[in-house]
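Trainee: Next come a sequence and a model predicted from it.
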Amino acid sequence: MNIYLIITIVVVLVLVISLPLGRRMVVNSVENSLLQENFDKFDKQIKRWYIKIFIQPFNVDFLKLNRAILSEDKEMTDEMFEHFDHVNLNEDQKEQVYYRGFQYYVTEGNRKMSDKYYDLIKDLSNEDLINYVDRLYDVYVRKGWKYLDEMIDEVQEDDGLTKDEQLEHYSMISTMYDNKGDKKNADKYMDIITSEFDKDDA
């Protein structure tokens, strides 16, 4: 066999083996910087030449968006969301960006931007996401209680909910009672959340 062909095969095999490992190491390192809120380290990492080799452009931008949100840099966050307005996103990427935008601007109390991302989500094809966001919008934006009885039934029936989903239900039920002006029941469900956290800490 030609020596140059052998060398080519060896190089290709090394790349096939090393690239996935290298990608995993790079992604883990960058994500850990975010989780530890070491933003200076993250900013240096995300600018390195090899980032574009191991992380797709959308994921780089999405990491930057999460960095902006975690560091509470509102100007940078707005800029990153505006950037995504001009990027050609696939359906999965739209779901990630639109839900992150909805979540962020609802938390910020920005009705105009909350409505923008709510409307964008409603145009997607993911019915589960749409139904979930409908609930969030009614509870936290409209300050309503439309889903109160439905969510109480789901908790009482223990309809395959995970522990986190149960806690989210209790939180939303408490908020809906608060929206309704029923402080007694709002406090009741907030106490359930507190007791569940106490169990986890025990």
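Mentor: All right, it came through fine.
Trainee: Walk me through the domains of the chain.
Mentor: 1-55, 57-142, 145-202 (automatic domain parsing).
Trainee: Which positions within stretch 46-65 qualify as buried?
Mentor: When burial is assessed from 16 or more other Cβ atoms under 10 Å, stretch 46-65 yields the following buried residues: 46, 51, 54-55, 58, 61-65. Any C-beta I mention is one placed from the backbone N, CA and C, and that applies to glycine too.
Trainee: and what of stretch 78-87?
Mentor: 80-81, 84.
Trainee: how about those in JSON lines, adding distance to Arg111, secondary structure and pLDDT?
Mentor: Listed next are those as JSON lines, based on distance: Cβ to Cβ, whole Å; DSSP: H, G, I helix; E, B strand; the rest coil; pLDDT from 0 to 100:
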{"residue": "Met80", "distance to Arg111": "20", "secondary structure": "helix", "pLDDT": "97"}
{"residue": "Phe81", "distance to Arg111": "16", "secondary structure": "helix", "pLDDT": "97"}
{"residue": "Phe84", "distance to Arg111": "20", "secondary structure": "helix", "pLDDT": "97"}
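Trainee: Include distance to Tyr137 when you put those residues into CSV, please.
Mentor: Formatted as CSV, those follow (distance: Cβ to Cβ, whole Å):
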residue, distance to Tyr137
Met80, 22
Phe81, 18
Phe84, 20
